[in-house]
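Engineer: 3D, please:
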Amino acid sequence: MSTNMRGLNTFITDIRHCSNKEQEEKRVEKELQKIRGKFTSQKGLAGYQKKKYVWKLLYIYILGYEVDFGQQECAFLINSSKFSEKYTGYVATSILVSEKTHDLFTQVASSIRNDLQSVNEINQSLALTMVGTQAPQELVNALHQDVQKLALTESRSTFHVRKKACACLLRMYRKYQDKFQPSQWAQGISQMFESRHPSLGFMTAATSLLVGTCQLNNPSIFEDCTPKLIKLLHKIAIQKDSPGDYNYYATPAPWLQVKILKALSFFSPPPPSTDSHRQLTECLTKIIKKTEVTKSINKNNVDHGILFEAANLVITYNGAVGMELKNDILKLLGIFISVKEPNLRYLGLETMCKFVKLAGDSLEDHLNTIFKSLRDNDISIRKRALDLLYLISSPNTSQRIVEELLSYAENGADLQIKDDLVLKIAILSEKFADNLYWYIDVVVRMINSSGDFVTEDIWFRIIQIIVGFQKEGNQELQKYAATKLFSQLSMPHVHETLICIGAFIISEYSQMLVEQNKEPQKLFDILNKHYTFSTERSRQMLLNAFVKLACKYPELRDQAIMICQIAGEHFDPDIQQRGIEYFSLLMEDDKLLNQIVVKMPPYSELVQQNNPLTKRIYVMVLNPKEQKDPTLLNQARIQASQEIAMAEQRLQSKPEQLQKHLSWLKACPYLNQFQGQIALEGVNIMVPPSPEDNNLKSPSISNVNEIKVLLTSQIGKVVDKPGDLVVQYKSEISGHLGKVSFQFEGASPIQNLSILVSQTNGMLFNILPVKQGDFPQVMMQVLSCDGNMTLPIASVFYEQNGQQKKHEFNLPIYTNKFVQPVDMPYDKFTKFFDDFTNNLSNQNYFKLDSFIRNTAPSNIPMSEVLKKAGGLLSVGLNLKAQPFPSLENLQMIWACGQLMIKPPEQSNILNLPIMVIISSLDQTNEFLRVGIRCGGSGEIAKNYMKLIMLYLG
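Structural biologist: Okay, here's the model as predicted:
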């Protein structure tokens with residue numbers, strides 16, 4: 001800014017001399033009126049005058065006042081040939097012109113391009129700085145090619161300009177990723193690190209561009225940069241070849257070293273016995289073993305920054321480079337988490353979280369130190385310590401860690417981390433509960449100390465574990481839980497969550513308490529004393545409990561009827577509805593009551609495998625805003641989510657089954673025909689279900705023949721037992737929503753019919769009122785909420801010829817019902833299919849490959865078999881199926897669709913891709929090759945394979 005702008009100096013002096021805010025506002029308003037008059041005047045202003053008034057507007061804006069005019073004058077100063085005016089225009093446009101002002105950017109785009117293409121280094125720098133500040137869409141569209149040329153082409157400009165161009169290009173790419181194709185930058189970025197006399201400032205900008213691009217794109221396209229980055233790191237860290245201007249407290253170019261180590265973490269480690277491997281090992285050894293603590297805080301900060309990034313690289317490479325350094329890193333981390341300096345403690349805990357997989361049980365030696373960090377004054381350190389304790393838990397340490405976490409919760413844990421604390425206690429106590437009595441004690445203590453933070457999914461899970469899975473539950477556990485909760489509810493003041501759990505368990509397993517000489521009336525009184533002062537949620541559970549007890553013990557029925565009669569007039573609609581319905585139910589005879597109020601059956605294995613608590617951590621990770629948070633909290637959650645996904649993978653296909661399947665594929669004589677198209681390594685490879693495991697044709701399905709017909713159609717008989725019961729079925733499902741209707745027919749009239757879906761299995765149902773009559777009708781609304789679907793089970797209760805009857809049958813609603821076809825070009829389909837196949841680490845891709853036997857008679861041509869397969873995929877499984885290469889020369893059917901689900905905890909509908917290939921083999925007509933790729937869950941792929949095997953295999 002020129003110092004001879006007297007008017008500007010006078011205005012600043014006047015502002016500084018204002019004695020109060022009111023005087024300042026008056027002076028600013030007066031100046032704004034003057035400037036507005038000058039800009040709207042018919043007389044043209046000289047460049048000097050425009051420049052002066054624009055600087056005044058900038059000063060007013062910096063003071064905090066709104067400036068709603070003058071933006072055009074700011075932008076037009078960019079066109080000036082005078083440096084001071086052009087400089088003013090660029091600075092003011094960066095600050096005062098909003099990105100929403102589309103027209104102005106369009107008008108000055110050509111002037112900015114001229115500056116970018118000029119040989120004047122200052123003009124180029126001004127233009128790049130302004131464009132990179134906001135990266136408005138109009139300028140990105142107009143100038144992105146010019147910026148790419150400046151950044152990536154060595155001969156066009158100086159290192160100083162290229163440095164700014166790299167920063168500007170990265171800003172553009174982060175904001176408008178669809179506009180760019182980073183694969184075209186690979187050669188240019190690689191050449192950046194080949195310069196003989198590079199500027200370290202330019203190298204820093206180039207490394208930032210490389211890191212930023214790898215974070216948003218597939219880093220493998222830049223693998224050629226690895227040896228060049230290592231060579232540059234060796235030159236700086238070992239040879240200390242760095243200009244003095246880039247040394248910070250005698251540490252050569254520390255920020256560049258950190259960026260290089262960060263960039264290397266995106267690529268594969270260099271092969272052993274190469275110069276790059278030797279140089280990188282030398283660099284890491286020096287950084288980790290020879291970093292010393294000095295009296296200078298600033299030097300310690302930069303040295304430790306490099307040290308922690310080097311440790312992160314060793315962890316990322318999983319010992320492929322410098323495995324012998326693992327123990328040295330662990331010793332350093334043990335020292336760092338015990339020092340007084342909070343920053344070092346935080347970084348030590350942060351790095352330990354990443355070190356968990358590599359260190360194994362070695363971190364257990366530091367438990368006492370981590371426990372101390374859990375009670376640190378700094379909330380961020382407490383969060384890191386909690387995350388680390390969760391990650392290092394093992395069968396050997398779990399009880400000690402859970403006990404410490406419970407003690408922390410009981411002694412005033414910080415409210416900011418109590419949600420996380422309770423969730424982790426619940427997960428760890430279930431995961432490592434060798435003694436389930438201990439699990440019950442833990443959850444009771446947890447609820448007593450932190451009941452307000454025990455969410456519904458946590459206490460639902462507690463009930464699931466007590467009830468049991470698949471087979472009959474553990475009766476000793478149920479007895480212990482009932483006794484424990486009876487004792488807790490005997491106290492005068494109990495937390496609401498404990499009342500909810502106690503109401504369910506005591507009423508469900510009351511006979512176990514009665515066997516211990518506890519009177520039924522005593523059980524009723526224990527629950528009833530909490531009813532008056534409970535919340536609506538607790539009262540709902542208590543009403544359920546009263547009805548169950550009244551059903552089991554007739555002497556309690558009158559008391560339950562009276563409570564339900566009063567509840568029928570409650571202001572809460574849920575309690576009111578329960579009260580009215582339960583009152584009517586209790587007035588019925590014992591026979592009907594006993595048919596409706598039945599014992600809670602064990603939960604399915606699917607419920608056991610899909611723990612909603614671990615999925616809560618996973619959902620937190622998937623939140624895009626949280627993924628951008630650079631703190632270790634989210635890095636620890638990412639680590640946790642990866643472990644969860646791996647655990648789910650192990651549940652979906654046992655390791656021995658997976659190894660057996662992969663060995664079979666590798667030995668298969670037909671594999672060579674599909675080289676590179678079949679997934680043989682990486683995560684999320686699914687084992688195809690065996691014919692015995694295909695539950696779509698399980699003997700336990702009473703209506704298996706009707707199910708097979710209706711899985712690929714919408715209308716038919718779902719139950720067909722003439723003389724007993726016939727159920728007509730019709731479905732209309734689109735996207736994630738649908739409705740199904742039933743009509744019940746019998747040899748004699750059906751009366752008082754009711755229906756419920758006892759096992760929803762990945763769906764939600766809303767049953768509308770039954771239309772009674774000789775042929776009752778009912779309609780249900782159905783919503784898909786989870787990719788792990790199995791056939792739902794419906795139970796129908798009715799009267800016929802004076803007899804009470806019950807009938808259970810499966811509903812023909814499966815994964816394919818919620819799938820929408822997707823029309824996709826063949827080249828795009830193959831690209832996505834191959835990406836899913838060859839991505840070895842992405843936890844969101846699931847892959848299933850197999851060869852199934854062709855059951856068609858030998859005289860049927862393979863082309864006809866594939867046409868039948870295409871018809872099944874299109875009509876029955878709701879995919880967009882297409883022939884390859886043509887219908888006349890048919891060799892393969894490829895199909896694409898998307899499964900639409902809406903998880904209850906999310907507001908958005910998830911569209912999960914499904915891709916299927918069914919192809920013939922060159923060598924034989926005896927088998928078909930089936931390949932399935934999908935997102936979201938491996939059960940989706942397995943369900944589609946079950947459907948294909950049901951109709952084709």
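
Engineer: any idea which helix or strand of this structure has the worst average confidence?
Structural biologist: The helix or strand of the chain with the poorest confidence is helix 624-627; it has a mean of 40 (mean pLDDT, DSSP states H and E).

Engineer: and residue 150, its phi and psi?
Structural biologist: Dihedral pair for residue 150: phi -60, psi -40, per degrees, to the nearest 10.

Engineer: so what's it up against?
Structural biologist: 116, 124, 128, 156-157, 161-162, 165 (Cβ atoms under 8 Å, 6 or more residues apart in numbering). From N, CA and C alone the C-beta is placed, and that goes for glycine too.

Engineer: quick one, grab the pLDDT at the nearest residue to it once chain neighbours are set aside.
Structural biologist: Closest residue in space to residue 150, ignoring its immediate chain neighbours: residue 165 at 3.8 Å, by Cβ to Cβ, 6 or more residues apart in numbering. We note a pLDDT of 91 for residue 165 in this prediction.

Engineer: now do the one 10 residues further on
Structural biologist: Note for residue 175: predicted pLDDT of 87.

Engineer: quick one: residues contacting residue 506.
Structural biologist: 482, 485-486, 489, 513, 523, 526-527, 545.

Engineer: which of those fall in strands?
Structural biologist: Nothing among these maps onto strands, per DSSP state E.

Engineer: so which of those residues comes closest to residue 175?
Structural biologist: Minimum separation from residue 175 among these (Cβ to Cβ) is found for residue 485, which lies at 55.7 Å.

Engineer: show me how the chain divides into domains.
Structural biologist: Taking the TED database as the domain assignment, the ranges for the chain are 704-813, 818-952.

Engineer: circling back: the residue nearest to residue 150: what secondary structure?
Structural biologist: helix (DSSP: H, G, I helix; E, B strand; the rest coil).

Engineer: and it, how close does it get to residue 125?
Structural biologist: 9 Å (Cβ to Cβ, to the nearest Å).

Engineer: repeat that for residue 38.
Structural biologist: Distance from residue 38 to residue 125, by Cβ to Cβ: 30 Å.

Engineer: so these two - more neighbours on which side?
Structural biologist: Neighbours were counted for residue 38 and for residue 125 using other Cβ atoms under 10 Å; residue 125 has more, 19 against 16.

Engineer: I'd assumed residue 159 was in contact with that one.
Structural biologist: No: Residue 125 lies out of contact with residue 159 (Cβ atoms under 8 Å); the separation is 11.8 Å.

Engineer: can you list the buried residues in the host helix or strand of residue 61?
Structural biologist: Assigning secondary structure by DSSP states H and E places residue 61 in helix 47-62. Judged by neighbour count (16 or more other Cβ atoms under 10 Å), helix 47-62 contains these buried residues: 47, 50-60.

Engineer: looks to me like residue 298 is in a helix.
Structural biologist: Yes: Residue 298: assigned to a helix according to three-state DSSP.

Engineer: I'd say it and residue 250 touch.
Structural biologist: No: judged on Cβ under 8 Å, residue 298 makes no contact with residue 250 at a distance of 10.7 Å.

Engineer: what sits closest to residue 118 if chain neighbours are left out?
Structural biologist: Nearest residue to residue 118, sequence neighbours excluded (Cβ to Cβ, 6+ apart): residue 124, at 6.5 Å.

Engineer: what's the burial count for that neighbour?
Structural biologist: 24.

Engineer: before we move on, what SS does it have?
Structural biologist: Following three-state DSSP, the label given to residue 124 is helix.

Engineer: what helices and strands are in contact with the longest strand seen in the chain?
Structural biologist: Of all segments of type strand in the chain, defined using DSSP E, the longest is strand 890-901. With contacts taken as 3 or more Cβ pairs under 8 Å, 6 or more residues apart in numbering; DSSP states H and E, strand 890-901 sits against strand 777-784, strand 819-821, helix 826-838, helix 862-871, strand 880-885, strand 910-919.

Engineer: pLDDT on the fifth one, on average?
Structural biologist: Mean pLDDT, taken over the full extent of strand 880-885, equals 92.

Engineer: centre of the chain versus that strand, how much separation?
Structural biologist: Distance of strand 880-885 from the chain centroid (Cα atoms, centre = their mean, to the nearest Å) equals 33 Å.

Engineer: could you list the buried residues of it?
Structural biologist: Here strand 880-885 shows 880-884 as buried, counting by 16+ other Cβ under 10 Å.

Engineer: packing partners for that strand?
Structural biologist: By 3+ Cβ pairs under 8 Å, 6+ apart, strand 880-885 packs against helix 862-871, strand 890-901.
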